[in-house]
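J.: heads up, no residue letters with this:
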């Protein structure tokens, strides 16, 4: 099973910790964020993992070598020349991710005990092009889904921006926050390449929203309670230190 870890971010919200290391190598409970995500993926059955790198990228390569790649087949998608954002990052990693099975994408700064195997299986059963972890929590930007959790649009509550621009919030729609984990079918690559129009750097979010009327893109809500933290900022990093291990 294939997965990708987004580990290329600059980690600006965690400065000064990220002044000399990538965010993915900041520690929680004595272990780096990267190791925690790799371990969780391995437990869920993912044994072929692609990691993108940019900020202090060589330190991630060295860390993996020092730990013998944690016994997994690990590929490096090198973005040290240019940080490509989420959509561009997935497209660059296509040689490692393409094939006949879905792949899971996990932000390095997300700490959670969600059942990744169940989410992956739900994606397979739905036949969706992409399945996005969503949750009812307070934020400024939301995916908007219908009663069947099919993606319908996106809204930024702070600015009033919507995608599509003519999107109207009607009865039966629900605003849910993205959880930084998605399961994606390889069928995404053709429309993703067309959407990029030759641009290397672009976000996956507007792609999802622009495609949601023609492609099946679903939100995934775990029925049972689970822990979830974005540990990309100092206050949640401290919270994670107190909470971990779950």
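T.: Here it is on my side, so go on. Because the structure is predicted, anything quoted here is derived from the model rather than measured.

J.: show me where the protein has helices.
T.: 33-43, 57-66, 85-92, 94-97, 116-126, 189-196, 204-211, 234-243 (DSSP state H).

J.: now those helices as TSV including distance to residue 172?
T.: Where you see a C-beta, it was placed from the backbone N, CA and C, and this is true even at glycine. What follows is the helices of the chain, written out as TSV (distance: least, CB to CB, whole Å):
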stretch	distance to residue 172
helix 33-43	34
helix 57-66	44
helix 85-92	29
helix 94-97	34
helix 116-126	19
helix 189-196	27
helix 204-211	18
helix 234-243	33
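
J.: out of those, the one nearest residue 1 is which?
T.: helix 116-126 (7.3 Å; CB to CB).

J.: the closest one - what's its average pLDDT?
T.: Mean per-residue pLDDT for helix 116-126: 98.

J.: which of the helices of the chain sits most buried?
T.: Counting by mean count of other CB atoms under 10 Å, helix 85-92 has the highest mean neighbour count of the helices of the chain, with a mean of 22.

J.: lowest mean pLDDT among the helices and strands of the chain, which one is it?
T.: Lowest on mean pLDDT, DSSP states H and E among the helices and strands of the chain sits helix 234-243, with a mean of 84.

J.: tell me which other helices or strands it touches.
T.: If contacts are counted by 3 or more CB pairs under 8 Å, 6 or more residues apart in numbering; DSSP states H and E, helix 234-243 sits against strand 27-28, strand 228-230.

J.: from residue 136, how far off is the residue lying farthest from the centre of the chain?
T.: Distance from the C-alpha centroid of the chain peaks at residue 171, with 28.9 Å (CA atoms, centre = their mean). Look at residue 171 and residue 136: by CB to CB, to the nearest Å, they are 17 Å apart.

J.: same question, residue 37
T.: 24 Å.

J.: before we move on, what about residue 47?
T.: For residue 47, the distance to residue 136 equals 33 Å [CB to CB].

J.: between those two, which one's more packed in?
T.: More crowded of residue 47 and residue 136, by other CB atoms under 10 Å: residue 47, with 14 against 10.

J.: what's stretch 78-91 in contact with?
T.: Stretch 78-91 is contacted from outside by 4, 6, 8-10, 52-55, 57, 77, 92, 97, 105, 184, 188-189, 192-193, 195-196, 199-205, 207, using CB atoms under 8 Å, 6 or more residues apart in numbering.

J.: give me the below-cutoff pLDDT ranges for the protein.
T.: Regions of the chain meeting the criterion pLDDT under 70 cover residues 166-168, 246.

J.: for residue 232, list the residues it contacts.
T.: By CB under 8 Å, 6+ apart, the contact set of residue 232 is 9, 11, 13, 14, 23, 109.

J.: can you list those in CSV and add neighbour count and distance to residue 211?
T.: Shown next, in CSV, are the contacts of residue 232 (neighbours: other CB atoms under 10 Å; distance: CB to CB, whole Å):
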residue, neighbour count, distance to residue 211
9, 23, 24
11, 24, 30
13, 17, 29
14, 22, 32
23, 28, 29
109, 27, 26
